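Trainee: Provided below for reference: sequence and predicted model.
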Amino acid sequence: MKTIEVVAAIFKRGDSFLCMQRNESPLKYISRKFEFPGGKIEPGEQREVALQRELHEEMDLTISVSQDQYLMTVDHIYPDFRIIMHGYLIEVDDLKFTLNDHGAFRWMERQNLLLLDWAPADVPIVEKLMREI
Ligand SMILES: Nc1nc2c([nH]c(=O)n2[C@H]2C[C@H](O)[C@@H](COP(=O)(O)OP(=O)(O)OP(=O)(O)O)O2)c(=O)[nH]1
């Protein structure tokens, strides 16, 4: 089974988190599901650099990401591939961005996070945010 390695940014503004909705996809289990912005690490690329690149591509954001912001890694098996996803917690006062890749976004208060229909690999991250962050 193919393994992909992904980085994702969990933006926290006050008590709310930025949740992005994926566009329609032939893979039903991720189609239109909510996720955190980010994407695949390219071969030889450092995780934090990959996340900076993805945030620039997807949202026109120019921000630096550091190892101190690392939160957790999820290892999840989807029907077609295995995903290893590293999440980074980025606290912001305000965030101006564009939606280059996603259909929609929501800032969700922590206690409401599970009201969204998440990509299954994201659930352990969401649970940690609700419990601890
Ligand atoms: N960015 C991101 N991807 C996630 C999350 N949860 C989750 O299962 N994924 C999956 C969906 C995709 O299969 C993969 C992320 O890669 P991507 O967003 O670059 O993938 P893609 O298939 O849309 O784009 P691409 O192959 O055309 O580059 O990881 C998440 O929270 N954030």
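Mentor: Ah, there it is. Numbers count the residues shown, from 1 in each chain.
Trainee: For residue 11, give the beta-bridge partners.
Mentor: Beta-bridge pairing of residue 11 under DSSP bridges involves residue 90.
Trainee: Can you tell me how far it is from the ligand?
Mentor: Distance, residue 11 to the ligand, using C-beta to the nearest ligand atom, to the nearest Å: 12 Å. Any C-beta I mention is one placed from the backbone N, CA and C, and that applies to glycine too.
Trainee: pLDDT score for that residue?
Mentor: Looking at residue 11, its pLDDT reads 98.
Trainee: And for it, the neighbour number?
Mentor: For residue 11, the count of nearby residues is 24 (other C-beta atoms under 10 Å).
Trainee: Go ahead and confirm it touches residue 87.
Mentor: No: shown here, residue 11 and residue 87 do not form a contact pair, counting by C-beta atoms under 8 Å, at 11.1 Å.
Trainee: shared neighbours of those two, anything?
Mentor: Common contacts of residue 11 and residue 87, defined by C-beta atoms under 8 Å, 6 or more residues apart in numbering, comprise residue 36.
Trainee: Show me the residue sitting in the middle of this structure in space.
Mentor: Nearest residue to the geometric centre of the chain (C-alpha atoms, centre = their mean): residue 36, 2.1 Å.
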